[in-house]
Structures are given as C-alpha cells and as structure tokens.
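Trainee: have a look; sequence and predicted model below, questions after that.
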Amino acid sequence: MFDNLSERLESSFKLLKGQGRITEVNIAETLKDVRRALLDADVNFKIAKEFTKDVKEKALGANVLNAVKPGQLMVKIVRDELAQLMGGTAEEIDLKRQPAVILMAGLQGSGKTTFSGKLAGFLKNKKSKNPLLVAGDVYRPAAIDQLKVVGEQIGAPVYTEEGNKNPVKIAKAAIKEAKTKGHDVVIVDTAGRLAVDEDMMKEISAIKDAINPHEILFVVDSMTGQDAVNTAKEFNDRLDFNGVILTKLDGDTRGGAALSIRKVVDKPIKFVGTGEKLDALDVFHPDRMADRILGMGDVVSLVERAQEQFDEEQARKLNKKLAKNQFDFDDFLGQIQQIKKMGNIKDLASMIPGVGKALKKMDIDDDAFKGIEAIIRAMTPSERQQPNIINGSRRKRIADGSGTNVQEVNRLIKQFAETRKMMKAMSSGKMKNMMRNMPQ
Ligand code: GDP
C-alpha cells in the first residue's frame, strides 16, 4: 500500500540534504518531485498542485526554526498536509438513534456486501451492538445468498423477503422488524450496477427517502483510482452521503483514491477494507495513514491491535508456566495463533517505524509460521509437553508428518530450548542480575 509514493517522497526530501535552510530556489526541485510523486500515485491534478503550493508556503514560513534541518522540516510539513488532505482526524459513524439505520450505496463489485458484513461484525464485537442486516439487492439471488453467508459467519441475522422485488418496502419492513426484535443497528445492503445509471440512482434515492437513514455510506473500490473519485462525486451529488468506505486498500499500490476523495467530495473516509476476510477492516485515521506513507510506521494502531488480542487471564497463566519452566510447545503454538490474529505479518511490520521499509523487498507472507505450526502439530501431546523426549526417531517421524525435514525440526527444537531458558531467566529475575553483572 502506497509503496511507490513513500519511496518517491523520501527521495524528494533527500534533495534538500546539506542545505542550511529552505529557500524558494532550493525547495523548487523537491516540490516538483513531490508533485510528480502525487500524480504518479494517481492523485487528482488540481489537488496535487494545490498540495505543493500549501507545502511551499508552510515551508518558507517555517524557516525560523533554525534547529530543524530542511529535510526534516519538509517531512513534517508534508506529513501534516497529507493528514489534512485525507481529512485530519478519524470520524465515527453515527449510532445514537435507536435503531441507527445505515444505508450502503455503491457500484456492483465495490465490496458493499462484504463491507456490510464487516461492519456488522465490527459493531457487534467492538461496540456491543446487535445489528440486523438487510438484503436489499433483490435482482441477483446470489447477492441475497452472499449476504446470508456473511451474516452467518458474523453471527448477525439477515432480513430477506422471498420473492419481494421492491427494495423500498423490504427496507421499511426490516426497520419495523428491527424495532420489534430489539436490534439497535440496521444495515441495508443495496443493489449496485456496473456503472452509474439512472435506474440505480432512482432506486437508492427512493430507499433513502423512504427510510431516512442516519448514515449513508458510499462504498468504493480504491484500486479504481480516479474512477473511484468520479463515481464518488456522482453518488454524492445525488445522495449527499455521510461517509466513504474505501475497500481493497490491500491491493491498491498507488493510493490516489485515498488521497483525493476527501477533498473532492468533502466527506470523510470512515473505514477502509484491507482484505477479503470479514475482520479485514480498519477505522480510517488520516494522521496515522500519513505516518505510514512517510515510513514513520503506525505504532498506535499496532498497540491497539495487540491490546485487542491480549487476554490477561491467559497471560497470567503463561507467566506462571514460564517461571516454573513449564512453557511447552502447546503454549508456543498458542502464542503464534495470537500473533496471527493480529493480522498479516507484513502489514504489522509496516506499522513499526523503519521496519516496513526494510522488509518491503522481502517475501514475507501470511504463512510465515506455516512450517513451525506444521512441525508442532505433527508432535504427539506428550512430545509437546515434554520436548526432551523427542529423540532421533521421533524427529524423523515429526519431519515426515509435517512435510518438513529433520534439520528444520532440529532447528525448531533447539530454538525452543533456548527461548525457554531465556524466558525462565527473565521471569525469575535472573536477567536483572545478569544485566547488573554485565560490564558497563
Ligand atoms: P458488492 O457487489 O458491492 O456487494 O461487492 P462484494 O461485497 O460482493 O465484493 C466484490 C469482491 O471484492 C468480492 O470478491 C470480495 O471478496 C472482494 N472484496 C471486498 N472487499 C475487499 C477488500 O477490502 N479487499 C479485497 N482484497 N477484496 C475485497
């Protein structure tokens, strides 16, 4: 995500290296480069021009700060301007009403149904809500089935009316049902077309007028770049929506839609979709995204994700086991599962300042732990609990069973033994003594 832009901006800042202060002359080349980088990221031409104009004014005006090097100053200014361009601060969806009614709009294939499910899951798990999903795409039976599957995975009921081809009536009836059944959020998925067309706009406008939603969310595929921005404009002119959902950001290497859409329609991006799985959504934080673009990482999001997965009770148990040197392969597997739940490893790495860039060219995938997991799963319960019984013939069997080889099994067992020793030292306080005795 944004890989090219990050690299290009970084090299444009390097042009200021060795300069004592920013001048109209020495900043010109950098600004030209920044603008080209934005255009190559598929940012709207006018926005790119305005952006560099603002950066220039701020940079010349900030010259009084003699202590800061021009390169660093530019990074700071560009970072702040990027955050501003994307909306400044995160904006939440309005859930005050009972029930809060959310209407999804967007083209076919933009990810509406998937996002409806993601949002239902998010509201259920993170906001303790009880959402009702509504199948308003009455033209494609497959769309209704898709929403049912999504609802089942999330554990949220789906309101459908067999044979009813009137989405306005369905949406109204669904809200009535939500009231009687005590749902506090209603999410109405609607039909999209492949391109903007009058019938679709009329239908969604009719649904809007009939149910008077508290939030209209426009869902758009970020990979379509400037087309996404143009479609947003057309939908906004008709619907005056409340927020944008940018999907498929995981596949968007340029970032033009994310950078331009806010400015063009003057509506905030509220969530981004980062994968096909139903937990692959993030609240959109413009400032954090700007940090990531400039390779500054996103430690806040990383810590938040870690906190979400952190289970205090489990941590306490683990600590006890560590102190008694009972940490075994089952615990090890549990730890791997927890890390995996936090998300894709490369994505996590990109949140650590400086690390993302270093890892960018390396081939790390979601299955970074695959070999280790396979080896542990090929062990018997007693082998997992007492690794010291794993002799030569057991190692051979484990290697065969896990589709790896004996060297890999040996390596894992050796690493595990070392980790265990270190963890025991740390948890029993010996580490402190070791540190104290170390030469200063
Ligand atoms: P709809 O026609 O607007 O309801 O779109 P769907 O929800 O059916 O999504 C279209 C396709 O995009 C499906 O294959 C989804 O799995 C995929 N998709 C949706 N959101 C994302 C996302 O954030 N990342 C990726 N990689 N794929 C997504």
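Mentor: Done, it's in. Numbers count the residues shown, from 1 in each chain.
Trainee: which intervals of the stretch 301-440 of the chain have sub-threshold pLDDT?
Mentor: Scanning the stretch 301-440 of the chain for pLDDT under 70 picks out 307, 310, 346, 352-368, 426-440.
Trainee: grab the most central residue of this structure for me.
Mentor: Closest to where the C-alpha atoms of the chain average out (C-alpha atoms, centre = their mean) is Asp282, at 4.3 Å.
Trainee: got a list of what it touches?
Mentor: For Asp282, the contact set (C-beta atoms under 8 Å, 6 or more residues apart in numbering) comprises Phe271, Val272, Thr274, Ser301. C-beta: built from backbone N, CA, C; applies to glycine.
Trainee: repeat that for Leu31.
Mentor: The contact partners of Leu31, taken as C-beta under 8 Å, 6+ apart, are Thr52, Val55, Lys56.
Trainee: is it true that the second one touches Arg79?
Mentor: This means Val55. No. The pair formed by Val55 and Arg79 falls short of the contact definition of C-beta atoms under 8 Å, at 10.3 Å.
Trainee: who's more crowded, the two?
Mentor: Neighbours were counted for Val55 and for Arg79 using other C-beta atoms under 10 Å; Val55 has more, 21 against 17.
Trainee: and whichever residue of the stretch 251-400 of the chain sits closest to the ligand, how many residues sit next to it?
Mentor: Each residue of the stretch 251-400 of the chain has a distance to the ligand, by C-beta to the nearest ligand atom, and the smallest belongs to Gly273, at 2.6 Å. Neighbouring residues of Gly273 were enumerated by other C-beta under 10 Å; the total is 23.
Trainee: distance check, it against Asp3.
Mentor: Here the criterion is C-beta to C-beta, to the nearest Å. By it, Gly273 lies 18 Å from Asp3.
Trainee: do Ser382 as well
Mentor: With the distance defined as C-beta to C-beta, Ser382 ends up 47 Å from Asp3.
Trainee: again with Lys69
Mentor: 25 Å.
Trainee: before we move on, the earlier item: so what does the residue of the stretch 251-400 of the chain closest to the ligand have for phi and psi?
Mentor: Taking degrees, to the nearest 10, you get phi -100, psi 130 for the backbone angles of Gly273.
Trainee: strands of the stretch 1-150 of the chain, start to end?
Mentor: Here the stretch 1-150 of the chain has its strands, by DSSP state E, counting those that start in this stretch, at 100-105, 131-136.
Trainee: figure out which of those strands is closest to the ligand.
Mentor: strand 100-105 (8.0 Å).
Trainee: and the closest one, C-alpha only, in CSV?
Mentor: What follows is strand 100-105, C-alpha atoms only, in CSV (Å, rounded to 0.1, in the frame of the first residue of the first chain):
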residue,chain,number,x,y,z
ALA,A,100,-29.4,3.5,13.9
VAL,A,101,-30.2,3.0,10.2
ILE,A,102,-27.2,2.7,7.8
LEU,A,103,-27.7,2.6,4.0
MET,A,104,-25.0,1.2,1.8
ALA,A,105,-24.5,2.6,-1.7
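Trainee: and the residue lying closest to Pro286 once chain neighbours are set aside, how close does it get to the ligand?
Mentor: In space, not counting the residues next to it along the chain, Pro286 is nearest to Met86; the distance is 3.6 Å by C-beta to C-beta, 6 or more residues apart in numbering. From Met86 across to the ligand, the span is 18 Å (C-beta to the nearest ligand atom, to the nearest Å).
Trainee: Met86 contacts Met289, correct?
Mentor: Yes. Under the criterion of C-beta under 8 Å, Met86 lies in contact with Met289, with a separation of 5.9 Å.
Trainee: so Leu348 makes contact with Met342?
Mentor: Yes. At 6.0 Å, Leu348 and Met342 qualify as touching, with contact defined as C-beta under 8 Å.
Trainee: quick check: neighbours shared by these two?
Mentor: Arg305.
Trainee: of these two, who's got more company?
Mentor: A count of neighbours by other C-beta under 10 Å puts Leu348 above the other of Leu348 and Met342, at 20 against 17.
Trainee: give the contact list for the more buried one.
Mentor: Leu302, Arg305, Met342.
Trainee: using CSV, list the CA coordinates for the strand or helix carrying it.
Mentor: Element membership for Leu348, per DSSP states H and E: helix 345-349. Written as CSV, here are the backbone C-alpha positions of helix 345-349 (Å, rounded to 0.1, in the frame of the first residue of the first chain):
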residue,chain,number,x,y,z
ILE,A,345,2.8,-10.1,9.2
LYS,A,346,3.9,-7.7,6.5
ASP,A,347,1.1,-5.3,7.4
LEU,A,348,2.1,-5.5,11.1
ALA,A,349,5.8,-4.9,10.2
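Trainee: give the buried residues for it.
Mentor: Buried residues in helix 345-349, counted by 16 or more other C-beta atoms under 10 Å: Ile345, Lys346, Asp347, Leu348, Ala349.
Trainee: what's the closest of those residues to Ala48?
Mentor: Nearest to Ala48, judged by C-beta to C-beta, of the buried residues of helix 345-349 is Asp347 at 27.0 Å.
Trainee: that closest one reaches Ala280, doesn't it?
Mentor: No. Using C-beta under 8 Å, Asp347 and Ala280 do not qualify as a contacting pair, with a distance of 9.6 Å.
Trainee: report the set of residues contacting both of the two.
Mentor: In terms of C-beta under 8 Å, 6+ apart, Asp347 and Ala280 are both contacted by the residues Thr274.
Trainee: on the three-state scheme, Val219 is what?
Mentor: Here Val219 is recorded as strand under DSSP: H, G, I helix; E, B strand; the rest coil.
Trainee: for the closest residue to it other than its chain neighbours, give me its contacts.
Mentor: Nearest non-adjacent residue to Val219, counting by C-beta to C-beta, 6+ apart: Gly106, 3.7 Å away. Taking C-beta under 8 Å, 6+ apart, we find Gly106 in contact with Lys112, Gly192, Phe218, Val219, Val220, Thr231, Phe235, Ile245.
Trainee: from the ligand, how far out is the fourth one?
Mentor: Applying C-beta to the nearest ligand atom, the value for Val219 to the ligand is 6 Å.
Trainee: so who does that residue touch?
Mentor: With contacts defined as C-beta under 8 Å, 6+ apart, the neighbours of Val219 are Met104, Ala105, Gly106, Ser110, Gly111, Lys112, Phe115, Ile245, Thr247.
Trainee: now for those residues, which pair is the farthest apart?
Mentor: Ala105 and Thr247 (13.1 Å).
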